[in-house]
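Trainee: for reference, the sequence and a predicted model appear below.
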Amino acid sequence: MLGPAAGRHLHALARNVDPRSVTPGKRRSSIGAQRALSLAGGRRQRSRAELDAALLALVERVTERLRSGRRVGRTVTLRLRHADLSRETRSRTLPAATDRTDLVLAAARDLLDARWPHLREAGCSLIGVTVSDLAPADAVQLTLDLDGHDRRTLDHTLDAVRDRFGGAAVTRASLLGQGRGAQVPILPDPVPDP
């Protein structure tokens with residue numbers, strides 16, 4: 001069913017034989033999340049609001065993981081799968097590395113907006129967001145908050161509420177009643193010794 005090479009490889013892995021080297025202490029190069037969208041009734045078209053709500057939930061999950069790992073990233077990648085199972089990715093590199101939900105969400109929404117005319121015709125069965133080009137959060141040039149809104153404090157406060165009372169304790173109004181999707185346990189990201 002798999003072919004001889006894949007069969008031998010899976011058989012070896014099942015017996016705990018794996019010649020690949022393990023590099024301990026290596027940190028992730030990207031953090032992402034994705035969500036499959038059911039295609040009930042065949043090629044059901046998704047509204048822009050439905051895709052935006054799914055995108056918002058994914059961006060919140062990714063940026064929360066960035067902050068908990070004390071990481072920031074510069075490149076935002078949007079991953080899409082169409083109703084015919086074809087895939088596409090689009091990315092945008094931000095001017096500065098960040099873990100702020102509003103900045104990552106703005107970049108992801110811009111990418112989605114650019115693909116919206118195609119998505120109306122091709123449908124969408126999966127949406128995903130990844131932040132890459134990661135760096136430690138303390139190695140980033142600080143910026144002045146000139147608009148009077150401290151978005152980082154809001155993000156950290158929401159993270160603290162979710163840590164203490166659970167992921168469903170607080171959410172954005174546009175995500176009410178939608179759930180956060182399946183939560184997969186995340187292995188801790190090793191922190192290199194100073």
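Mentor: Received the coordinates, thanks.
Trainee: and the pLDDT at residue 146?
Mentor: For residue 146, the pLDDT comes out at 53.
Trainee: same question for residue 25.
Mentor: 71.
Trainee: wait, is it part of a strand?
Mentor: No. Assessed with DSSP: H, G, I helix; E, B strand; the rest coil, residue 25 is coil; it does not lie in a strand.
Trainee: what helices and strands are in contact with the lowest-mean-pLDDT helix or strand in the chain?
Mentor: Taking mean pLDDT, DSSP states H and E as the measure, the chain has helix 151-165 as its least confident helix or strand, at a mean of 77. Helices and strands touching helix 151-165, by 3 or more C-beta pairs under 8 Å, 6 or more residues apart in numbering; DSSP states H and E, are helix 48-68, helix 101-122. All C-beta atoms are positioned from the backbone trio N, CA, C, and that covers glycine.
Trainee: nearest to residue 175, out of those?
Mentor: helix 48-68 (5.6 Å; C-beta to C-beta).
Trainee: name the nearest residue to residue 101, ignoring sequence neighbours.
Mentor: residue 63 (4.5 Å; C-beta to C-beta, 6 or more residues apart in numbering).
Trainee: contacts only, for that neighbour.
Mentor: Contact partners of residue 63, counting by C-beta atoms under 8 Å, 6 or more residues apart in numbering, are 99, 100, 101, 104, 131, 155.
Trainee: for residue 5, find the nearest of the helices and strands packed on helix 151-165.
Mentor: Proximity to residue 5 (C-beta to C-beta) singles out helix 101-122 among these, at 34.0 Å.
Trainee: show me where pLDDT drops low in this protein?
Mentor: For the chain, the stretches with pLDDT under 70 are 39-44, 140-151, 177, 179-194.
Trainee: sorry, back to before: how about the contacts of residue 63, which pair is most distant?
Mentor: By the measure C-beta to C-beta, 131 and 155 form the most distant pair in the contacts of residue 63, at 13.6 Å.
Trainee: ok, the two, which is more surrounded?
Mentor: residue 131 (28 against 19; other C-beta atoms under 10 Å).
Trainee: now the more buried one, what's its secondary structure?
Mentor: Put simply, residue 131 is strand when judged by three-state DSSP.
Trainee: that one against residue 61, yeah?
Mentor: No. If you go by C-beta atoms under 8 Å, residue 131 and residue 61 don't touch, sitting 10.9 Å apart.
Trainee: pull out the buried residues from stretch 19-31.
Mentor: For stretch 19-31, the buried set under the neighbour-count rule, 16 or more other C-beta atoms under 10 Å, comprises residue 31.
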